[in-house]
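Q: mind folding the following:
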Amino acid sequence: MRRNWIVAVAAVGLVLVSEAAALTWSAPVDLSAAGQFASSPQVTVSADGSKLTGVWERYNGSNWIVQARTSTDSGATWSPPVDLSAAGQDAYGRQVTGSADGSKLVSVWHRYNGSNWIVQARTSTDSGATWSDPVDLSAAGQDANDPRVTGSADGSRLASVWRRYNGSNNIIQGATAPAPAAAGMFYVIPNRKGGGAVIHLE
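A: Alright, predicted model coming up:
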């Protein structure tokens, strides 16, 4: 029997896993640690449903930090929480996506650097076991926020867009990894209300 997996974030810090054919759900699992508030969860799942990655924002007593946990056994067990954003300043707007096999992951968010909000990213090539160092995607000097991210099915190409103030207006900016050999690798469709965007990656 073909099994279709669905993962849903039922509440802050809780995840439920279901096989659509059976319409049953696992018991809730606490993903964020107790003792402080956590907010804004998001989850990505591999095509076969075996690898899951959840991200959220959690207050550490001083700042809001983007965290992640991963599962490689369809949610039966989860890795310890990993801080994706650095301590010392607030980070919000987390987004996550992964390759079809779940081995390659990318998460983006915007973090205050003491003067401006900067869009940052981290990637993993081992299903979240380890993560790259944070990379600044937006330039310093003005605020950038509302990042979005997507990637190709094999995870070899990534694209992110965000909103950044240029001193006069909010403009939509984008970046790709690796840098495209030719223009037109992705299209950005700004939201008419000025927040966020829709990304199409060729």
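
Q: residue 69 and residue 84 touch, don't they?
A: No - using C-beta atoms under 8 Å, residue 69 makes no contact with residue 84, being 10.7 Å away. (Glycine included, C-beta is placed from N, CA and C.)

Q: tell me which of the two has more neighbours.
A: A count of neighbours by other C-beta atoms under 10 Å puts residue 84 above the other of residue 69 and residue 84, at 24 against 21.

Q: is residue 66 bridged to anything, and to what?
A: Counting by DSSP bridges, residue 66 is bridged to residue 57.

Q: and residue 122, what pLDDT?
A: We have a pLDDT of 97 for residue 122.

Q: since we're on the residue nearest to it when sequence neighbours are not counted, how many residues are nearby?
A: Leaving aside its sequence neighbours, residue 122 sits nearest to residue 131 (C-beta to C-beta, 6 or more residues apart in numbering; 4.7 Å). Residues within reach of residue 131, counting by other C-beta under 10 Å, total 18.

Q: make 39 the first number, not 1, from now on.
A: With the count now opening at 39, the last piece we talked about shows up as residue 169.

Q: hang on, residue 169 packs against residue 123?
A: No - using C-beta under 8 Å, residue 169 makes no contact with residue 123, being 11.0 Å away.

Q: low-confidence ranges in this structure?
A: 39-60, 218-240 (pLDDT under 70).

Q: partner residues bridging the residue positioned nearest the centre of it?
A: Nearest to the mean C-alpha position of the chain, by C-alpha atoms, centre = their mean, lies residue 134 at 2.0 Å. Here residue 134 sits in beta bridges with residue 145, going by DSSP bridges.

Q: hang on, it packs against residue 91?
A: Yes - if you go by C-beta under 8 Å, residue 134 and residue 91 touch, sitting 5.9 Å apart.

Q: who touches both of the two?
A: Here residue 134 and residue 91 have 81, 82, 106, 143 as joint contacts, going by C-beta atoms under 8 Å, 6 or more residues apart in numbering.

Q: which residues touch residue 151?
A: Per C-beta under 8 Å, 6+ apart, neighbours of residue 151: 127, 178.
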